[in-house]
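Peer 1: My questions are about this predicted structure, shown below with the sequence.
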Amino acid sequence: MSKYISFRNRSGKLFFQFDKRAVGVFLGLGCLFILLFLAGLSLGSTFLHPIVVVKQLLGFGTGEHSFVIQTLRLPRMLLSLLVGAALGVAGLILQGIVRNPLGSPDIIGITGGASFAAVVFIAYFAETVGMNWLPFVSILGAGVVSILIYFLAWKKGISSYRLILVGIGMSSIMGALTTMMLVFGNAYTTQQAYVWLTGSVYGASWESVFAMLPWVLLLIPLTLLFAKTANALALGDSVAAGLGVNVQLNRFCLLFISVALAGSAVAYAGGIGFVGLMAPHISRMLVGQSFGSLVPISAITGGLIVMLADIVARTAFLPLDLPAGVFVSGIGAPFFIYLLYRNRNV
Amino acid sequence: MTYLFSRTSSRWLGLIIGILLLIASFTSSIVFGQTPITFNTVMETFWSFDENSTEHIIITTTRISRAVIATVIGSSLAVAGALMQALTRNPLASPSIFGINAGAVFFVVLAVTFFSFSSLTQYMWIAFLGAGVAAIMVYLLGSFGRDGLSPIKIVLAGAAITALFVSLTQGLLVINGQNLEGVLFWLAGSVAGRTLDMLVPILPFMIGGWLVALFLGHSVNILTLGEDVAKGLGQRTILVKTLMAIVIIILAGGSVAVGGSIGFIGLITPHIVRGLVGSDYRWILPYCALYGASLLLLADIAARFIMMPQEVPIGVMTALIGTPFFIYLARRGFSKE
C-alpha cells in the first residue's frame, strides 16, 4: 500500500500528492482548531459558556450575546485564521525559493516594505482619505519592494543567495525609513503606527474578513498547482532544470504568490512576525517534505498560531488588549532559536 | 593588484591624509549647522570664551560634544566592522547586519521597561551585555553544522537575530507606551543631544579596544590565511579570536550605548579602506579608525541639512548610504572568498 494519495490529470500537467499521514494530521489540527475557535469565542472580558456559543452559532441562541459573538469575536477569530494561513503559506514558499530554513517574509524585507508604506500612509494620508485604504497601500508597498528586490538580485537569473542578501539589505533600509517616519510623526500617530507594526487583529470587522478571504481562497489553491515544480526546485536549480522545470519562470510565479499572500496579511493585521517562519517548520516536523501536503498543513498551523496568540493577547492582561504580534514573538523567539539549532546542517 | 597607497611610504602619506580629513570634517561638524558659525568664532571660543555669546555657548554645549561623539563612534564601528569581516571571513559582516546593534537596543529597552534603569553607566553595561549575547548567538548559529562558518549562513543568522530582537523591542515598547517617545529617537541612532559626560565612562574601554585592535593587526593577517595555516604558523588562534570578539563587543556595544543603532559604518569603511591600502590589517585597522570617524562626521553633517529644519536621525542617514553599498557587495558575490 502506498504512503501517498496521488491525483494526476491525463496530460500530467496537474499533479497533487498527499501524504496519507498528512490527511490524518490535517484532521487532527482541524479538531484543535475547533477547540481553539470555541475557546476564543467564549473567553474575553465577558465569559460565555461554550454551549451558549455553540447554540448562538447554530442559530438557536437567545440573541442576547449576538453582539459579542458575531460582531466582536467571530470576525476577529476568522481574520486571525486567514492572516495566519496566508503568512504560513507565504513563508513556506519563500523557504522553498531561497532553499534556506530561515527565509520568511519578515526577514527578506517584504513585510518591511509593507510596513513603511503603511506608516507613511498613517502619518500623512489616513486623516484625509480614511483608514480603509491602508490594506491597498501596504500590499502596494510589499509589491514594490519585492519587485525592487527581484530586479536588484537579477544577474543573468536569480540565485537564491543573492535574493536573500538583497532582501536583507532592503529590509534594513525599510526599517530605517520606517523609524524616520516614526521619529518625525506626532505622538499619537507614532503610537498608532507602532501598534500596527507589532501586528494586531484588534478591531477586525466582517468587511476585513471578506476582503481578506478572496486572497486566501485564490492564492492557496494556486500554490497547490505549483506543488510539483516546488518539489523539483527544492532539489536545486540545476536538478530542477534537468527535470524540465523552467526555473526562473516558476520561481517568479511562486515569489509573486508569496508576496501577495504576505502583503495581504500584513495589510489587515500589520507586521506579525515569525508566523511565516514557524508554521512551515512545524508542518515539516509533522508531515515531512512533500510540498503538496505542506501547503494545507502550513496554512492551518499558521492560522492556529495567530489565533492562539490573539486569544492570549486579549485575555491574559485584562482589561488590556495587547497586539497579538507581541505574543507571536513571545512564542516565536524561543522556537526560532531551537529551529536555528536544529537546522544547523541544512 | 595595485592600491592607491601600495608602498610603505605612500601608506604613511595615506594615514596623514586620513588625519587631515578627520580634522577637516571635525571642524566642519562644529562650523556647519542650523546656526552657521564662522571658523574664527570657533577659535575665539577656545582662546577667549565669552559667556554672553550665543555662538560660543552653542559650540561648547552641543557642537563639540556632538563632533567628539561622532568621531569616537565612527572609528569604533569601523574598527569593529573590519575585525568582524576578518573573523568571519565575510565581506558583509558588520555590527548592524549581525544583529549586535539590535541586541544591545533590546537589552537597554528591556532594562528601561522592567528595571527602570536610567543612568548612562547602567545603559552601557547593559548594552555591552546585549551586544555580547547577540554576537555570541549569531556566531554560534552561523558556525553550527557541517560546512562551518559559511558567509550566507552567518548573514542569515544575523538577519534572523535582528528580526528577533527588533520584534521583541517593538513588543516591549507597545506594552509600555510612555517610554516610546524618548527611546525612539535613541533607537533611530543619533549623535545629537548627547553630552560629553555620557562618553566619559565608556571612553577608557573604547581606547583600550582601539589599542588592542591596533596591536592585533599582525595576528589578524595570519588568521585570514585560514585557521589551519595560522595554527601551523604557531598562532594560538583561540586566543586571537577571543581577543577579537571581545574588542568587537566593546567597540560595537559601547557605540550603541552612546549613539543608539547606527548601521553600515562598520560595513562600508573597511571596504573603502581595503581599496586604499590593500588587505594588510596592520594598515587597515588604523585607516578604518580615521576614515570611519570622518565618514560618520560627514554623514552627521548631511543629516542636519537634508531636511532642514528637521534633523534626520543619523542611523537613517547611514542606512540610506549603506544599503546601496550592501546590495552592490551582495551582487558582486563571494567570488573573492
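Peer 2: Right, received. Where do you want to start?
Peer 1: can you give me the offset of stretch B:315-325 from its chain's centre?
Peer 2: Relative to the centre of its chain, stretch B:315-325 is centred 13 Å away, using C-alpha atoms, centre = their mean, to the nearest Å.
Peer 1: same thing with stretch A:188-198?
Peer 2: For stretch A:188-198 - counting by C-alpha atoms, centre = their mean - the centre lies 20 Å from the chain centre.
Peer 1: Pull out the buried positions in that stretch.
Peer 2: The neighbour-count check on stretch A:188-198 (16 or more other C-beta atoms under 10 Å in any protein chain shown) flags A:189-198 as buried. Placement of C-beta: from N, CA and C, glycine included.
Peer 1: Can you tell me what sits against it?
Peer 2: Stretch A:188-198 has contacts (C-beta atoms under 8 Å, 6 or more residues apart in numbering or on different chains) with A:115, A:118-119, A:122-123, A:126, A:178, A:181-182, A:185, A:202, A:270-272, A:323, A:325-326, B:167, B:170-171, B:173-174, B:177, B:180-181, B:184.
Peer 1: one step back: using CSV, lay out the buried residues of stretch A:188-198 together with secondary structure, pLDDT and distance to B:Asn101.
Peer 2: Shown next, in CSV, are those (DSSP: H, G, I helix; E, B strand; the rest coil; pLDDT from 0 to 100; distance: C-beta to C-beta, whole Å):
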residue, secondary structure, pLDDT, distance to B:Asn101
A:Thr189, helix, 75, 25
A:Thr190, helix, 76, 21
A:Gln191, helix, 75, 24
A:Gln192, helix, 75, 26
A:Ala193, helix, 78, 21
A:Tyr194, helix, 76, 19
A:Val195, helix, 75, 24
A:Trp196, helix, 77, 23
A:Leu197, helix, 77, 18
A:Thr198, helix, 75, 20
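Peer 1: Neighbours of A:Gly330, how many?
Peer 2: Neighbours of A:Gly330 under the rule other C-beta atoms under 10 Å in any protein chain shown: 17.
Peer 1: do you know how far it is from chain B?
Peer 2: 7 Å (C-beta to the nearest C-beta, to the nearest Å).
Peer 1: didn't that residue look like it was pressed against B:Gly171?
Peer 2: Yes - using C-beta atoms under 8 Å, A:Gly330 makes contact with B:Gly171 at a distance of 7.2 Å.
Peer 1: What is the burial count for whichever residue of the stretch 1-150 of chain B sits closest to chain A?
Peer 2: Using C-beta to the nearest C-beta, B:Phe144 is the residue of the stretch 1-150 of chain B that sits closest to chain A, at 3.4 Å. As a burial measure, B:Phe144 scores 18 neighbours (other C-beta under 10 Å).
Peer 1: the helices in the stretch 151-300 of chain B, which residues?
Peer 2: B:151-175, B:180-188, B:196-199, B:203-223, B:227-232, B:237-259, B:265-277, B:281-305 (DSSP state H, counting those that start in this stretch).
Peer 1: what pLDDT, on average, does the third one get?
Peer 2: Pointing back at helix B:196-199 there. Helix B:196-199 comes out with an average pLDDT of 75.
Peer 1: buried sites along that helix?
Peer 2: B:198-199.
Peer 1: Where does pLDDT dip in the stretch 51-200 of chain A?
Peer 2: Along the stretch 51-200 of chain A, the model assigns pLDDT under 70 to residues A:61, A:63, A:131, A:157.
Peer 1: Show me what from it comes close to chain B.
Peer 2: Residues of the stretch 51-200 of chain A lying close to chain B (C-beta under 8 Å from any C-beta of the partner chain) are A:100, A:102, A:106-107, A:152-153, A:155, A:161-162, A:164-166, A:168-173, A:175-177, A:179-180, A:182-184, A:187, A:190-191, A:194-195, A:197-198.
Peer 1: Show me which of those are buried.
Peer 2: Using 16+ other C-beta under 10 Å, the buried ones in those are A:100, A:102, A:106-107, A:152-153, A:161-162, A:164-166, A:168-173, A:175-177, A:179-180, A:182-183, A:190-191, A:194-195, A:197-198.
Peer 1: Now, these that are in strands?
Peer 2: Nothing among those maps onto strands, per DSSP state E.
Peer 1: Now for the nearest residue to A:Phe184 once chain neighbours are set aside, how many residues are close by?
Peer 2: Excluding its sequence neighbours, the residue lying closest to A:Phe184 (C-beta to C-beta, 6 or more residues apart in numbering or on different chains) is B:Gln310, at 6.4 Å. By other C-beta under 10 Å, 12 other residues sit near B:Gln310.
Peer 1: wait, B:Gln310 sits on A:Met181?
Peer 2: No - assessed by C-beta under 8 Å, B:Gln310 is found out of contact with A:Met181, at 11.9 Å.
Peer 1: and stretch A:252-270 with chain B, contact?
Peer 2: No - residues of stretch A:252-270 are not located near chain B by C-beta under 8 Å from any C-beta, the shortest gap being 10.3 Å.
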